[in-house]
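K.L.:
Structure here, sequence nowhere to be found:
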């Protein structure tokens, strides 16, 4: 599937009608989501025929992108029941077989299939400090091949240091810097939209022989 075609499919997805600020619910726009998954597949071969998990899946954009790019199996996890409902409708509308499960990724006791790749747009940690790093810690425990994640560019040094030193990542690479368009969703937003500089990261986990989850 070509990039523009993928972006078009993602642009048709239903998004939050009543987002929850405490969960930092912001839609992952089709422009960023399509490029994130397209890069994961076409530069690294981390999507097609792989088991992909979408952590904090929201309305399912990243997981659905993985399914459209030929993932063998996709699992979307989110703590919010309303998000899971919207994500399920979105996947059904595109006739995709994606499993969406209500679960807090920070408290995972994984008993599912071996996950090759985790994709995620975690909370940036503006409402709950460190939320983004909690997601990364969980993802690096589950993924066997790679983790793709978006983090504020201003946190670049901290993210890299924590991933390599504390979270047992073998490598942590910024693939590109993107402009994340945050729309005016909440009452405290004064502007119609704000662009935030974010890094698209690829982390490779350090697998420990015999370790299961």
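P.N.:
Nice, thanks for sending it over. The structure displayed is predicted, hence computed values, not measured ones. Numbering: from 1, shown residues only.

K.L.:
gap between residue 56 and residue 196?
P.N.:
Using C-beta to C-beta, to the nearest Å, residue 56 is found at 17 Å from residue 196. The way it works is simple: take the backbone N, C-alpha and C, and place the C-beta from them, glycine included.

K.L.:
Which of those two has more residues huddled nearby?
P.N.:
Remark: of residue 56 and residue 196, residue 56 carries more neighbours, 28 against 15, as counted by other C-beta atoms under 10 Å.

K.L.:
Report the contact partners of that one.
P.N.:
By C-beta atoms under 8 Å, 6 or more residues apart in numbering, the contact set of residue 56 is 77, 78, 79, 105, 120, 121, 122, 123, 135.

K.L.:
What is the nearest of the residues you listed to residue 111?
P.N.:
Proximity of those to residue 111 (C-beta to C-beta) peaks at residue 77, which lies at 13.1 Å.

K.L.:
Hmm, residue 52 and the closest one touching each other?
P.N.:
No - using C-beta atoms under 8 Å, residue 77 is not in contact with residue 52; the gap is 11.6 Å.

K.L.:
These two - which one has more neighbours?
P.N.:
For residue 77 and residue 52, the more surrounded residue by other C-beta under 10 Å is residue 52, and the numbers stand at 32 against 25.

K.L.:
other SSEs contacting the host helix or strand of that one?
P.N.:
Element membership for residue 52 (DSSP states H and E) is strand 51-55. Judged by 3 or more C-beta pairs under 8 Å, 6 or more residues apart in numbering; DSSP states H and E, strand 51-55 is in contact with helix 61-68, strand 73-78, strand 115-120, helix 131-142.

K.L.:
what are the pairing partners of the second one, and which direction each?
P.N.:
Using DSSP bridges, the strands paired with strand 73-78 are strand 51-55 (parallel), strand 99-102 (parallel).

K.L.:
Any regions of this structure where pLDDT drops low?
P.N.:
Applying pLDDT under 70 to the chain flags residues 16-25, 125-128, 182-194, 208-213.
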